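# Provided below are the primary sequence and the corresponding predicted coordinates.
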Amino acid sequence: MVPPLLPFHGSATVPGGGPRRLDLPAIAGPSFEMEEPCAKILALETFRLEQVPPTVYYIPNFISESEEAYLLHQVYAAPKPKWTQLSGRKLQNWGGLPHPKGMVLEKLPAWLQSYAEKISSLGAFGGKLANHVLVNEYLPGQGIMPHEDGPLYFPTVTTISLGSHTLLDFYHPFSRGQHADSEQVPTPQTEEQRHFLSLLLEPRSLLVLREDMYVRYLHGIRPAASDAITEKVTNVAACGAVLGDELRRGTRVSLTIRHVPKGSASGWKRLPEKLFILPH
Ligand SMILES: O=C(O)CCC(=O)C(=O)O
Ligand SMILES: [Fe+2]
């Protein structure tokens, strides 16, 4: 049975404002009953991170501990064949399998559908309803290489983190240099040089990435067992961590919730081949 969705709760310290209670109303909560959808979008705006390229929203404690336990229970109750073991992580795919000829969409199970609806109602997908979820499980020491998610998805990804924090790292794409005619050879750039910011994703948080942060830069998770909170962690003020902390990772399960537009196959075909850097 799907439990009723609870309001966001908890508190966080935000820049300039000192500790603040983040009381966003739940979909069925009393404050939303009298409000228009645009009010929910405004609510999302209050969680927008500054000092990063557009656009990142980070909402600590988006779900409660009991919702987290419920979601973890559902993830691990899935039949064994639902898991795909990859090098460095385990994956479940819900809503349909991506394919160069287009996504064959399947209905989401009820336990994911309610969260897809809750996030969509914040306006995360431009009024569309999320219909696809990837579940990733990372043990301490595991991660995901820097990548782009590819052109199949509406250019927003939303992620609920369960069980443990992680650091999501962002990278400038390789500089492609000037046009070949100018004879300028692109300078080699190390991964470290291209890494320009990280976001601390705490358990129970929601991350919404749109625009440049989703389509222009690459993202990845270092295969590490702990994370140093440095000045590159741009959202530290919204988190329960401080500069200089070293956070040990536990097993983290992430739900990446997206919208796959109908007919995305044609979008796929139009894009140059080198953009097909799919992680899965
Ligand atoms: O686990 C995460 O937060 C990131 C997963 C991811 O980048 C992906 O599935 O494409
Ligand atoms: Fe990704």
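Good, I have the coordinates. Numbers count the residues shown, from 1 in each chain. Ligands and ions are numbered 1, 2, ... in the order given.
# please name the nearest non-neighbouring residue to the closest residue to ligand 1 within the stretch 151-280 of the chain.
For the stretch 151-280 of the chain, the residue closest to ligand 1 is residue 254, as judged by Cβ to the nearest ligand atom, at 3.4 Å. Quick note: C-beta positions are derived from backbone N, CA and C, even for glycine. Nearest non-adjacent residue to residue 254, counting by Cβ to Cβ, 6 or more residues apart in numbering: residue 136, 4.8 Å away.
# ok, the one you found - contacts?
With contact set as Cβ atoms under 8 Å, 6 or more residues apart in numbering, residue 136 has these partners: 89-91, 144, 253-254, 256.
# one more time with 10 Å
By Cβ atoms under 10 Å, 6 or more residues apart in numbering, the contact list for residue 136 reads 86, 88-92, 142-144, 159, 166, 221, 252-256, 279-280.
# ok, residue 261 next?
Applying Cβ under 10 Å, 6+ apart to residue 261 gives the contacts 103, 125, 128, 131, 152-154, 267.
# kindly report the residues of the stretch 51-200 of the chain close to ligand 1.
Counting by Cβ under 6 Å from any ligand atom, the positions of the stretch 51-200 of the chain adjacent to ligand 1 are 134, 136, 144, 149, 159, 168.
# near residue 82, how many other residues are there?
14 (other Cβ atoms under 10 Å).
# was I right about it contacting residue 133?
No: between residue 82 and residue 133 there is no contact under Cβ atoms under 10 Å: 11.8 Å.
# quick one: the residue lying closest to residue 225 once chain neighbours are set aside from residue 173, how far?
In this structure, residue 225 finds its nearest non-sequential neighbour in residue 140, 4.3 Å apart by Cβ to Cβ, 6+ apart. As judged by Cβ to Cβ, to the nearest Å, residue 140 and residue 173 stand 29 Å apart.
# please apply the same query to residue 118.
Using Cβ to Cβ, residue 118 is found at 32 Å from residue 173.
# buried sites along stretch 212-225?
Neighbour-count burial for stretch 212-225 flags 213-214, 217-223 (criterion: 16 or more other Cβ atoms under 10 Å).
# likewise stretch 118-136?
Result for stretch 118-136 [16+ other Cβ under 10 Å]: buried residues 118-125, 130-136.
# show me what contacts the nearest residue to residue 212 once chain neighbours are set aside?
Counting by Cβ to Cβ, 6+ apart, residue 212 lies nearest to residue 53, which is 4.5 Å off, once chain neighbours are set aside. Residue 53 sits next to 170, 196-197, 211-213, 216-217 when contact means Cβ under 10 Å, 6+ apart.
# now, those residues that are in helices?
Within those, residues falling in helices by DSSP state H are 211-213.
# nearest to residue 71, of these?
Closest to residue 71 out of these is residue 213 (24.6 Å), distances taken as Cβ to Cβ.
# any idea how far the closest one is from residue 229?
For residue 213 relative to residue 229 (Cβ to Cβ), the value is 20 Å.
# tabulate the contacts of residue 53 (JSON lines), appending pLDDT.
Shown next, in JSON lines, are the contacts of residue 53 (pLDDT from 0 to 100):
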{"residue": "170", "pLDDT": "97"}
{"residue": "196", "pLDDT": "95"}
{"residue": "197", "pLDDT": "97"}
{"residue": "211", "pLDDT": "89"}
{"residue": "212", "pLDDT": "91"}
{"residue": "213", "pLDDT": "93"}
{"residue": "216", "pLDDT": "91"}
{"residue": "217", "pLDDT": "94"}
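# mind listing what the nearest residue to residue 96 once chain neighbours are set aside touches?
Among residues not flanking residue 96 along the chain, residue 105 sits closest, at 4.1 Å (Cβ to Cβ, 6+ apart). Contacts for residue 105 (Cβ under 10 Å, 6+ apart) come out as 95-97, 131-132, 260, 262.
# that's all I had, so thanks and see you.
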